[in-house]
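# Provided below are the primary sequence and the corresponding predicted coordinates.
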Amino acid sequence: MHPNAILNEVQQLYSVSDRLDSLAEQHPLVSEALLTISGSVRGTATLLEVLVATKIAPLSRFDPANA
């Protein structure tokens, strides 16, 4: 599995989080809920980024031909 596919999704999640933050500013009645969801989405994106960095990226750098 190539890590770029997951990292592209990570960027999409960060964008969703940013859009939710923006919506929270425009809709005060639901701003608290939107900010909570935005934080959750951003946290999920961060966890996926860490997963790629610690689990997938090291495997993709391993070349069995050179082992």
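Received the coordinates, thanks.
# all helices for the chain, in order.
3-26, 31-51, 57-61 (DSSP state H).
# and these as a markdown table, adding mean neighbour count and mean pLDDT?
C-beta: built from backbone N, CA, C; applies to glycine. Formatted as a markdown table, the helices of the chain follow (neighbours: other CB atoms under 10 Å; pLDDT from 0 to 100):
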| stretch | mean neighbour count | mean pLDDT |
| --- | --- | --- |
| helix 3-26 | 15 | 96 |
| helix 31-51 | 15 | 97 |
| helix 57-61 | 11 | 63 |
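# Show the contacting residues for the residue nearest the centre of the chain.
Among the residues of the chain, the one closest to the centroid is Ala45, at 1.9 Å (CA atoms, centre = their mean). Contact analysis of Ala45 by CB atoms under 8 Å, 6 or more residues apart in numbering lists Val10, Gln11, Leu13, Tyr14, Ser17.
# now with 10 Å?
Leu7, Glu9, Val10, Gln11, Gln12, Leu13, Tyr14, Ser15, Val16, Ser17 (CB atoms under 10 Å, 6 or more residues apart in numbering).
# Which residues are in contact with Leu51?
Pro3, Ile6, Val10, Ala57.
# With Ser22 as the reference, measure out to it.
Look at Leu51 and Ser22: by CB to CB, to the nearest Å, they are 27 Å apart.
# Also Gln12?
16 Å.
# likewise Val50?
In this view, Val50 and Ser22 are 26 Å apart by CB to CB.
# and what of Leu47?
Taking CB to CB, one finds Leu47 at 23 Å from Ser22.
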